[in-house]
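>>> Okay, sequence plus prediction incoming.
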Amino acid sequence: QKEVEQDPGPLSVPEGAIVSLNCTYSNSAFQYFMWYRQYSRKGPELLMYTYSSGNKEDGRFTAQVDKSSKYISLFIRDSQPSDSATYLCAMIGSGNTGKLIFGQGTTLQVKP
Amino acid sequence: DAEITQSPRHKITETGRQVTLACHQTWNHNNMFWYRQDLGHGLRLIHYSYGVQDTNKGEVSDGYSVSRSNTEDLPLTLESAASSQTSVYFCASSGDTLGTLHFGNGTRLTVT
């Protein structure tokens, strides 16, 4: 069983839809949770960063962490065609500088 | 602007040949990482370095080596290329904040 599980999709939605992307994990030592966005033929870029449980909002994006359920989510409101990309969840324990564990990534297509 | 560059962007090589992928960052980060990305596996850590002369094995290090002679560069060497090493390779760097990686745009390697 993988430490981090993420549905690879692909996920296709119409423009303006609310998108929910999710990851589950098994290691209770994870404390820092990230979402990276990766456009085709580009490297991943950090989109959201959260510590421990709770919500964080940045514009149309909301990251949610539920440590009790070992479940994290990324919500995208009013989705745009420019949001079409692969979204990777990543997480790390406090003692591992930079050694992120990534999910497989979910490919999202937002249709105009 | 600071950046991380990888070269070449594309490489085709034959089984058994030695190949070196270059990674150069101008962030002045101590931490550098090599990942490979494959369908169904997401990003997997190959090697990483926390500073000059420091190198460490990741989860898929067999057949790969790195060296760190200065802050800016972490070249990845495939000692004897195998078809199983056909993949997209990403280099990344990070500063002190856990989980905040800056990625290059990748090298697509094909081993024939």
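Now that the structure is in, tell me what you want to look at. Numbers count the residues shown, from 1 in each chain, chains lettered A, B, ... in the order given.

>>> For the rest of this, base every contact and every neighbour count on C-alpha atoms.
Fine.

>>> what number of residues lie near residue 105?
Assuming you mean chain A. Other residues near A:Gly105 number 30, with proximity taken as other Cα atoms under 10 Å in any protein chain shown.

>>> That was the other one, I meant chain B.
23.

>>> Let me know whether B:Gln53 touches B:Ser69 as I believe.
Yes: between B:Gln53 and B:Ser69 there is a contact at 5.9 Å, judged by Cα atoms under 8 Å.

>>> how far away is B:Thr13 from B:Ala82?
9 Å (Cα to Cα, to the nearest Å).

>>> Show me whatever sits in contact with both of these two.
B:Val111 (Cα atoms under 8 Å, 6 or more residues apart in numbering or on different chains).

>>> Quick check: chain neighbours aside, which residue is closest to the residue located most distally from the centre of chain A?
Using Cα atoms, centre = their mean, the residue of chain A lying farthest from its centre is A:Pro112. It sits 22.6 Å away. For A:Pro112, ignoring the flanking residues on the chain, the nearest one in space by Cα to Cα, 6 or more residues apart in numbering or on different chains is A:Glu15 at 5.2 Å.

>>> rewinding a little: OK, contacts around the residue farthest from the centre of chain A?
A:14-15, A:80-81.

>>> Repeat that for A:Glu3.
A:25-27, A:101.

>>> List phi and psi for the residue nearest to A:Pro112.
phi -50, psi 140 (degrees, to the nearest 10).

>>> my read: it touches A:Ile76, true?
No: applying Cα under 8 Å as the test, A:Glu15 and A:Ile76 come out as separate, 11.1 Å apart.

>>> okay, these two: which has more neighbours?
Neighbour comparison, A:Glu15 and A:Ile76: the larger count goes to A:Ile76, with 20 against 17 (by other Cα under 10 Å).

>>> The helix or strand A:Met34 falls within close to chain B?
Secondary structure assigned from DSSP states H and E places A:Met34 in strand A:30-38. Yes: residues of strand A:30-38 contacting chain B under Cα under 8 Å from any Cα of the partner chain: A:32-34.

>>> next one: that strand to chain centre, how far?
From the chain centre to the centre of strand A:30-38 is a distance of 6 Å (Cα atoms, centre = their mean, to the nearest Å).

>>> Same question for stretch A:28-46.
7 Å.

>>> quick one: low-confidence parts of chain A?
A:94-98 (pLDDT under 70).

>>> for chain B, what are the nearby residues on it?
Residues of chain A lying near chain B (Cα under 8 Å from any Cα): A:8, A:32-34, A:41-46, A:91-92, A:94, A:96-105.

>>> Buried members of the residues you listed into PyMOL, please.
If you want just the buried ones from the residues of chain A next to chain B in PyMOL, going by 16 or more other Cα atoms under 10 Å in any protein chain shown, the selection is:
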select buried, chain A and resi 8+32+33+34+43+44+45+46+91+92+97+98+99+100+101+102+103+104+105
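
>>> A:Leu74 and A:Gln64 touch, don't they?
Yes: using Cα under 8 Å, A:Leu74 is in contact with A:Gln64, at 6.3 Å.

>>> Counting neighbours, go ahead and name the busier of those two.
A count of neighbours by other Cα under 10 Å puts A:Leu74 above the other of A:Leu74 and A:Gln64, at 23 against 19.

>>> angle of whichever strand or helix holds that one against strand A:30-38?
Using DSSP H and E, A:Leu74 falls within strand A:71-76. Angle, strand A:71-76 to strand A:30-38, by axes from the mean of the first three to the mean of the last three Cα atoms, to 10 degrees: 30 degrees.

>>> Name the strands paired with the helix or strand that strand A:71-76 is followed by and say parallel or antiparallel.
Using DSSP H and E, the helix or strand that directly follows strand A:71-76 along the chain is strand A:85-93. Counting by DSSP bridges, the strands paired with strand A:85-93 are strand A:30-38 (antiparallel), strand A:101-102 (antiparallel), strand A:106-111 (antiparallel).
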